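Enquirer: Coordinates only, no sequence provided:
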């Protein structure tokens, strides 16, 4: 099969991911499960890569992974090209046809109120493929529907294309519009943004710039890889040497608005996102500053009246409303 035929299969079957290796079976992921999708000859993969401007050259000469986005059959996809065993390989993620609303993705009440925020740092965390980018997009669009905004996004690569009457969206892509996230954040602050979206906090320089932007009064949205909201402060601090972690925690506590964590669980007709939410309170900020992370989960349990929720609480709520099954709840909380 050709790469184009396999991409068509991904779109037709509404899979989430497609994995391509030369002279090997291609695999499509549907509802969390890998399914064989056909044989991919090396010639077909090479021909497709050769048609993508500069992609094959960057892979072969620089031996660096390449993130990119593309449109195919009316759909947006995120791609990742990399070397494995001395040969090129590709992974694709199929993005939703449109940016969903917070209601459509099942955001709990506390998360649905976050579009009212006007400053601080809102973090989305979860494992790869949990839907962080989709939730971030839904949150940004909900903000733009509440009031007119100037939104600047710094992405690698650009995934969703934003549009909302009355708001301005400037979407920038790493390698095309800027060369480093930290410098791009500092530059964006000179352009009067209401909201600054950073696709991922992946190094200490970007984290410093994002915290400085939030402390300066800009609303900053971003993602980080962490299993739970309570683990996010330490995950953020771990990017820094031990002697700097105290000051980073203090800056994080000063700028924090909310941390949402997300997991995908199986339901009868596919998968859906389930969230936990940590909100800023004086007690939470103190726990972050003093590295008392073990108490954060307890504070979330007792913070339901403020809009906070844990995976356990949200799982039980969705079980009682018939959205999740007992098996889904066990999958959610058993990780």
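Expert: Now that the structure is in, tell me what you want to look at. Everything numeric in this text was worked out from a predicted model, so none of it was measured.
Enquirer: isn't residue 68 right next to residue 55, touching?
Expert: Yes: counting by Cβ atoms under 8 Å, residue 55 is a contact partner of residue 68 at 6.7 Å. Using the backbone N, CA and C atoms, a C-beta is placed for each residue, glycine as well.
Enquirer: which neighbours do these two share?
Expert: Residues touching both residue 68 and residue 55 by Cβ atoms under 8 Å, 6 or more residues apart in numbering: residue 81.
Enquirer: out of the two, which sits in the busier spot?
Expert: Set residue 68 next to residue 55 and count neighbours by other Cβ atoms under 10 Å: residue 68 wins out with 22 against 18.
Enquirer: Show me what that one bridges to in the sheet.
Expert: residue 79 (DSSP bridges).
Enquirer: now it: how far from residue 88?
Expert: Going from residue 68 to residue 88 by Cβ to Cβ, to the nearest Å gives 13 Å.
Enquirer: ranges for the helices of the stretch 1-150 of the chain?
Expert: According to DSSP state H, counting those that start in this stretch, the stretch 1-150 of the chain carries its helices in the segments 3-13, 42-50, 55-57, 109-112, 132-146.
Enquirer: now the ones you listed in JSON lines, with mean pLDDT and distance to residue 157?
Expert: Shown next, in JSON lines, are the helices of the stretch 1-150 of the chain (pLDDT from 0 to 100; distance: least, Cβ to Cβ, whole Å):
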{"stretch": "helix 3-13", "mean pLDDT": "95", "distance to residue 157": "16"}
{"stretch": "helix 42-50", "mean pLDDT": "88", "distance to residue 157": "16"}
{"stretch": "helix 55-57", "mean pLDDT": "76", "distance to residue 157": "12"}
{"stretch": "helix 109-112", "mean pLDDT": "95", "distance to residue 157": "26"}
{"stretch": "helix 132-146", "mean pLDDT": "95", "distance to residue 157": "11"}
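Enquirer: I'd like the mean pLDDT over the longest strand seen in the chain, please.
Expert: Here the longest strand in the chain is taken by residue count, with DSSP state E as the criterion, and it is strand 256-267. Taken as a whole, strand 256-267 has a mean pLDDT of 95.
Enquirer: now stretch 197-212
Expert: Per-residue scores along stretch 197-212 average to 96.
Enquirer: in stretch 113-120, what's buried?
Expert: Judged by neighbour count using 16 or more other Cβ atoms under 10 Å, the buried positions of stretch 113-120 are 114-115, 117, 120.
Enquirer: Same question for stretch 174-186.
Expert: Applying 16+ other Cβ under 10 Å to stretch 174-186 flags 174, 178, 181-182, 184-185 as buried.
Enquirer: Put together a markdown table for those, with pLDDT and distance to residue 244 on each row.
Expert: Formatted as a markdown table, the buried residues of stretch 174-186 follow (pLDDT from 0 to 100; distance: Cβ to Cβ, whole Å):
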| residue | pLDDT | distance to residue 244 |
| --- | --- | --- |
| 174 | 92 | 25 |
| 178 | 95 | 25 |
| 181 | 96 | 19 |
| 182 | 96 | 15 |
| 184 | 97 | 22 |
| 185 | 97 | 18 |
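Enquirer: sorry, back to before: residue 287 is nearest to which of the helices of the stretch 1-150 of the chain?
Expert: Of all the helices of the stretch 1-150 of the chain, helix 109-112 sits nearest to residue 287, with 18.2 Å by Cβ to Cβ.
Enquirer: Contacts for that closest one, please.
Expert: 102-103, 139, 142, 258, 260, 275, 277, 279, 306-309.
Enquirer: I'd like the distance from the lowest-mean-pLDDT helix or strand in the chain to the chain centre, please.
Expert: Using mean pLDDT, DSSP states H and E, helix 55-57 stands out as the lowest-scoring helix or strand of the chain, at a mean of 76. Here the centre of helix 55-57 is set off from its chain's centre by 26 Å, with Cα atoms, centre = their mean, to the nearest Å.
Enquirer: other SSEs contacting that helix?
Expert: Judged by 3 or more Cβ pairs under 8 Å, 6 or more residues apart in numbering; DSSP states H and E, helix 55-57 is in contact with helix 42-50.
Enquirer: Give me the angle between the helix it packs on and helix 3-13.
Expert: Interaxial angle, helix 42-50 versus helix 3-13 (axes from the mean of the first three to the mean of the last three Cα atoms, to 10 degrees): 80 degrees.
Enquirer: Run through who's touching helix 42-50.
Expert: Contacts for helix 42-50 (Cβ under 8 Å, 6+ apart): 1-4, 20, 22-23, 55-56, 59, 81, 87-88, 90.
Enquirer: Give me the below-cutoff pLDDT ranges for the protein.
Expert: 53, 62-63, 335 (pLDDT under 70).
Enquirer: how is it carved up into domains?
Expert: 3-94, 109-333 (automatic domain parsing).
Enquirer: Could you say which of those domains is packed most deeply?
Expert: domain 109-333 (a mean of 18; mean count of other Cβ atoms under 10 Å).
Enquirer: Let's see the distance spanning it from one end to the other.
Expert: 20 Å (Cα to Cα, to the nearest Å).
Enquirer: next one: stretch 45-58
Expert: 15 Å.
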